[in-house]
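Build the 3D model from these lines:
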Amino acid sequence: MTDTQYLYCKTFVEQGTTASVMATLAATLKGAFSRHSMTVGGLVVEVRRNSDAPLDIPVGDDFVQWPVLVEVDAEENQDRDLMVETVGTILRTLWESGNRAICACDFEDELPWSGGIELLGTSHP
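Now for the predicted structure:
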């Protein structure tokens, strides 16, 4: 590991709506969303529609076009372990709810299944 701070992570979610993903994450992270974001332990979790996702067209394994995005932003000087732990929890929660989800961030190698990319083209863990 380096001394680099982990300040941002984007997770692409294959199924569901922003509302269903927010409900799932609110229960797991024990927080409440205001509009599309919530703050948990110095991290801002935002769930929104992916503007790059085509409407009503299946996108298969092209995860950058999956319809829902979960973005996690950390405050300056935030503990990097908290960021890794929280994003890992988000991934596992989404997988357990039947969704495929893949992260794009600087610390994918520290997340389960390399942020989900190792699961692409396989069944869920």
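
State which helix of the chain is the longest.
Counting by DSSP state H, the longest helix found in the chain is helix 80-96.

now that one, how far from the centre of its chain.
A distance of 8 Å separates the centroid of the chain from that of helix 80-96, by CA atoms, centre = their mean, to the nearest Å.

how close does residue 83 get to residue 100?
Taking CB to CB, to the nearest Å as the measure, residue 83 falls 22 Å from residue 100. The C-beta positions use only the backbone N, C-alpha and C, and glycine is treated the same way.

So between those two, which is more surrounded?
Each of residue 83 and residue 100 has its neighbours counted (other CB atoms under 10 Å); residue 83 has more, 25 against 20.

For the more buried one, which non-adjacent residue is closest in space?
Using CB to CB, 6 or more residues apart in numbering and skipping the chain neighbours, the partner closest in space to residue 83 is residue 6 (4.2 Å).

Poorly predicted segments of the protein, please.
Low-confidence segments of the chain (pLDDT under 70): 1-4, 57-59, 121-125.

With that, I have no additional questions.
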